[in-house]
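Enquirer: prediction below, plus the sequence it came from.
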Amino acid sequence: MNLTLSPTTTPQRAGLYIHIPFCRKKCHYCDFYSTAAATKGRIDEFIAALRQEMELQRSFWPDEYDTLYLGGGTPSLLSLDQLAEIIDTVRKTFPLTQDAEQTIEANPDDITLDYLRGVRSLGFNRLSLGLQSLRDENLIWLGRRHKATQGLWTIEAARQAGFNNLSLDLIFGLPERLPAARQGQNSLSLWLWELDEAICYEPEHLSCYQLSYEPHTLIMRQKQQGLIQPLTEAEEADYFLETSALLESRGYLHYEVSNFSRGGKWLSRHNQKYWQHIPYLGLGPSAHSFARGRRYWNHRSLSLYCQTLKQGSLPIAGEEILGPEELRLETLYLGFRTRQGIHLTEFCRRFGQNLLSDPPGLANRLIDEGKLEVRGEWLCPTRQGLAIADALALMW
Ligand code: SF4
């Protein structure tokens, strides 16, 4: 795979993220902040608070933005009028570039073609669809509300509505508890079959996440009670490597641990800001922001978020200042999660460390083992390297 990025193509403008904190019900694996109390009154109260937050933040964030991302939660739970109210305020408050990437996450559950057309006409030019699986038994186990056929229908509806930049979210590595697995079928083959079916729709982008067991989720409780048998590390590595191999054989660029794009044109511009320490402003409950080495985050409670803003204060719950060592570690951690890797000269300039010679022999050993490679000025993880990206960062 030839990844032709260079420091000059690195996006530098800030990104804007808005967290919509509502879901109809909690999925069994999810630890994102959201509440199921999505009454009209509650949503209106949230939008009023969000507008107040934008007003308070505008003077601290004078930059131009080239990405807007509505995530959650479930942004597609909001009516078109409610979305329009948010978008109008965004445009009046924060300058977006002409060519801004404007993404909205949507769940297939309650979407109609008219709704998608409405979303498109509000200016969203990228749709991230939470399919998660193309098999009903998986969707039920994950606690999703839609059926596989609904997911596929939504892809077609998104195309009809005019979305030519479509990203599909899928989850792999489900534990050995499904009927198919019990019957002795190979779950890895079933996953690859799902992936193959998703590729038939030629999405511009795919996010394929390894199932993780987060605290306070239903699947974590099931794991602790011994009701499910999670994959072993070796099995997880198989899933990861096979996923990467299949997608790259079909022309997708494996550009970040969980992310694939159909060529360089369709990388997620917004998510690259998180991976490259480019400033981003996060609005809404639990949203994180980062600028000039400072990261801060909002209250993870809709009530507290609204209450604080009603009193005229920013709803910030905590912050951390990243010193040179924290920035160095994060640069390694984030860089090794991307196929682009780490720019050697730039890293040396910022942190005074030549990654090829310090510590002595480490880079050469990892290159010999096929986990890293040097491409021009970049130290890049190979597919095998991406599979152990987090561990790689700790070696320096
Ligand atoms: S996975 Fe998405 S839809 Fe499900 S609870 Fe989490 S945020 Fe809501």
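Expert: That came through, no problem.
Enquirer: which parts of this protein sit against the ligand?
Expert: Within the chain, the positions adjacent to the ligand are C23, K26, C27, C30, F32, S34, G72, G73, T74, N107, G130 by CB under 6 Å from any ligand atom. Quick note: C-beta positions are derived from backbone N, CA and C, even for glycine.
Enquirer: tabulate these in TSV, adding columns for pLDDT.
Expert: Output for those, formatted as TSV (pLDDT from 0 to 100):
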residue	pLDDT
C23	95
K26	94
C27	96
C30	96
F32	95
S34	95
G72	93
G73	93
T74	96
N107	96
G130	97
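Enquirer: which among these end up buried?
Expert: When these are checked for burial by 16 or more other CB atoms under 10 Å, the buried set is C23, K26, C27, C30, F32, S34, G72, G73, T74, N107, G130.
Enquirer: CSV for those, including secondary structure?
Expert: Formatted as CSV, the entries for those read as follows, by DSSP: H, G, I helix; E, B strand; the rest coil:
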residue, secondary structure
C23, coil
K26, coil
C27, coil
C30, coil
F32, coil
S34, coil
G72, strand
G73, coil
T74, coil
N107, coil
G130, strand
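Enquirer: any idea of the pLDDT on L174?
Expert: L174 is assigned a pLDDT of 92 by the prediction.
Enquirer: separation between it and the ligand?
Expert: The gap separating L174 from the ligand is 15 Å, by CB to the nearest ligand atom, to the nearest Å.
Enquirer: residues near that residue, how many?
Expert: Counted with other CB atoms under 10 Å, residues neighbouring L174 total 24.
Enquirer: domain assignment for the chain?
Expert: 7-275, 324-394 (automatic domain parsing).
Enquirer: what residue lies at the spatial centre of the chain?
Expert: The structure's the chain has its C-alpha centroid closest to N271; by CA atoms, centre = their mean the separation is 6.5 Å.
Enquirer: what's whatever helix or strand it lives in packed up against?
Expert: Of the helices and strands defined by DSSP states H and E, N271 is found in helix 269-275. Counting contacts by 3 or more CB pairs under 8 Å, 6 or more residues apart in numbering; DSSP states H and E, helix 269-275 is packed against strand 14-20, strand 65-72, strand 96-106, strand 280-283, helix 324-335.
Enquirer: ok, the closest residue to P324 other than its chain neighbours - contacts?
Expert: Beyond its immediate neighbours in the sequence, the residue positioned closest to P324 (CB to CB, 6 or more residues apart in numbering) is F351, lying 6.7 Å away. Each residue near F351 by CB atoms under 8 Å, 6 or more residues apart in numbering is listed here: P324, L327, R328, T331.
Enquirer: residues contacting W193?
Expert: For W193, the contact set (CB under 8 Å, 6+ apart) is empty.
Enquirer: verify the stated contact: C208 with L195.
Expert: Yes. Checked against CB atoms under 8 Å, the pair C208 and L195 is within contact range at 7.3 Å.
Enquirer: in terms of neighbours, single out the busier of these two.
Expert: The neighbour count for C208 versus L195, taken as other CB under 10 Å, is higher for C208 (26 against 21).
Enquirer: check what pLDDT the closest residue to the ligand within the stretch 201-350 of the chain gets.
Expert: Closest residue of the stretch 201-350 of the chain to the ligand, CB to the nearest ligand atom: T217 (9.6 Å). According to the per-residue confidence, T217 scores 96 in pLDDT.
Enquirer: from the contact counts, what lies against the helix or strand that contains E236?
Expert: Taking DSSP H and E as the criterion, E236 maps to helix 233-249. Contact analysis of helix 233-249 by 3+ CB pairs under 8 Å, 6+ apart lists helix 187-200, strand 205-210, strand 253-256, helix 383-387 as its packing neighbours.
Enquirer: neighbouring contacts of it?
Expert: Residues outside helix 233-249 that contact it (CB under 8 Å, 6+ apart) are 1, 172-173, 188, 191-192, 195-196, 199, 206, 208, 210, 231, 254, 260, 383-384, 386-387.
Enquirer: quick one: that helix to helix 187-200, angle?
Expert: For the pair helix 233-249 and helix 187-200, the angle between their directions (axes from the mean of the first three to the mean of the last three CA atoms, to 10 degrees) equals 20 degrees.
Enquirer: just the buried positions in helix 233-249, please.
Expert: Of the residues in helix 233-249, those with enough neighbours to count as buried (16+ other CB under 10 Å) are E236, Y239, F240, E242, T243, S244, L246, L247.
Enquirer: coming back round to it: between C208 and L195, what contacts are shared?
Expert: Between them, C208 and L195 share the contacting residues L170, F172, T243, L247, judged by CB under 8 Å, 6+ apart.
Enquirer: what two of those have the greatest distance between them?
Expert: Largest separation among the shared contacts of C208 and L195 by CB to CB: F172 and L247, giving 11.6 Å.
Enquirer: give me the common contacts of those two.
Expert: Counting by CB under 8 Å, 6+ apart, the residues touching both F172 and L247 are L195, C208.
Enquirer: now do the closest residue in space to P95 that isn't next to it in sequence, the pLDDT please.
Expert: Of all residues not flanking P95 in the chain, E64 sits nearest, at 4.9 Å (CB to CB, 6+ apart). At E64, the pLDDT value in this model is 91.
Enquirer: what sits against E64?
Expert: Taking CB under 8 Å, 6+ apart as the criterion, E64 is in contact with R13, A14, P95, L96, T97.
Enquirer: ok, now which ones touch the residue of the stretch 201-350 of the chain closest to the ligand?
Expert: Residues in contact with T217, defined by CB under 8 Å, 6+ apart, are H28, Y29, C30, D31.
Enquirer: switch the cut-off to 10 Å
Expert: Contact criterion CB atoms under 10 Å, 6 or more residues apart in numbering gives K26, C27, H28, Y29, C30, D31, G143, K223 as the residues in contact with T217.
Enquirer: count the neighbours of the fourth one for me.
Expert: What that stands for is Y29. The criterion is other CB under 10 Å. On that basis, Y29 has 21 neighbouring residues.
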